[in-house]
Every structure is written in C-alpha cells, then in structure tokens.
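J.: have a look at this prediction, sequence included:
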Amino acid sequence: MSQKWIVQLSRDAEKKYNKLKRNGSKPSITDVINLLIIEIRKEGPYRNNWSNYGPLEEDAFHCHLKREHPLLWHVGKLLIKRIN
C-alpha cells in the first residue's frame, strides 16, 4: 500500500504556475506539472521515472518537465508532506 502525500505549491510557485501559457499544445506544461503532482500525491516525491530526475540536497529534488522547464521541489517545507 503506497503512502499518501500532500502537495502544496509555495506562493511564488503558484504565481509562476498561474502565469504559464496554456497554448493548446498537448501536453501543455501545466498538464505535465499536474501529472507530476498527482504522481507525488500517490507515490511520494522520489520520482525516478521522470526525465533527468535527481536529488539536489537533502529533501530537495528536481526533474525536467520539458527541455526548458526544470522543476524543483522540497519535502517537509510545507510543499510536500507525508500523511501518516
């Protein structure tokens, strides 16, 4: 049984997310971000199945959603938290 996680965007990340262009391309960058959030909620922040995924420091990770869109996330800093 997989553990469940809470994903919460920081204010800065939420502002940047809301400014992303939804240009009708499939998948759009927002579609990809939404998919990553769904996966993290279900399976946790350790996403080895994503392109160029890697740890940056303790409890900080990144991957490349598209070539020009790296994404960074932290565990335990009100961004991603495990539900026990």
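T.: Now that the structure is in, tell me what you want to look at. Residues are numbered from 1 along each chain as shown.
J.: CA only for contacts and neighbour counts going forward, please
T.: Will do.
J.: so which bits of the longest helix along the chain are buried?
T.: The residue-count maximum for a helix in the chain (DSSP state H) belongs to helix 29-43. Residues of helix 29-43 classed as buried by neighbour count (16 or more other CA atoms under 10 Å): I29, T30, L36, I37, I40, R41.
J.: from the residues you listed, pick the one nearest E68.
T.: Closest approach between the buried residues of helix 29-43 and E68, by CA to CA: I29, at 10.1 Å.
J.: surely the closest one and L65 touch.
T.: Yes - contact criterion CA atoms under 8 Å: I29 and L65 qualify, at 7.2 Å.
J.: hang on, the earlier thing: what is the lowest-pLDDT residue among the buried residues of helix 29-43?
T.: pLDDT across these is lowest for I29, at 80.
J.: quick one: it and N49, what's the gap?
T.: Counting by CA to CA, to the nearest Å, the gap from I29 to N49 is 17 Å.
J.: and the buried residues of helix 29-43 as TSV, adding distance to E14?
T.: What follows is the buried residues of helix 29-43, written out as TSV (distance: CA to CA, whole Å):
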residue	distance to E14
I29	14
T30	12
L36	15
I37	13
I40	17
R41	17
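J.: and those, which two are furthest apart?
T.: Pairwise distances across the buried residues of helix 29-43 peak at 18.4 Å for I29 and R41 (criterion: CA to CA).
J.: strands of the chain, start to end?
T.: Counting by DSSP state E, the chain has strands at residues 4-7, 54-57, 60-66, 69-74, 80-83.
J.: tell me which of the buried residues of helix 29-43 is nearest to K15?
T.: Of all the buried residues of helix 29-43, T30 has the smallest distance to K15: 12.7 Å, by CA to CA.
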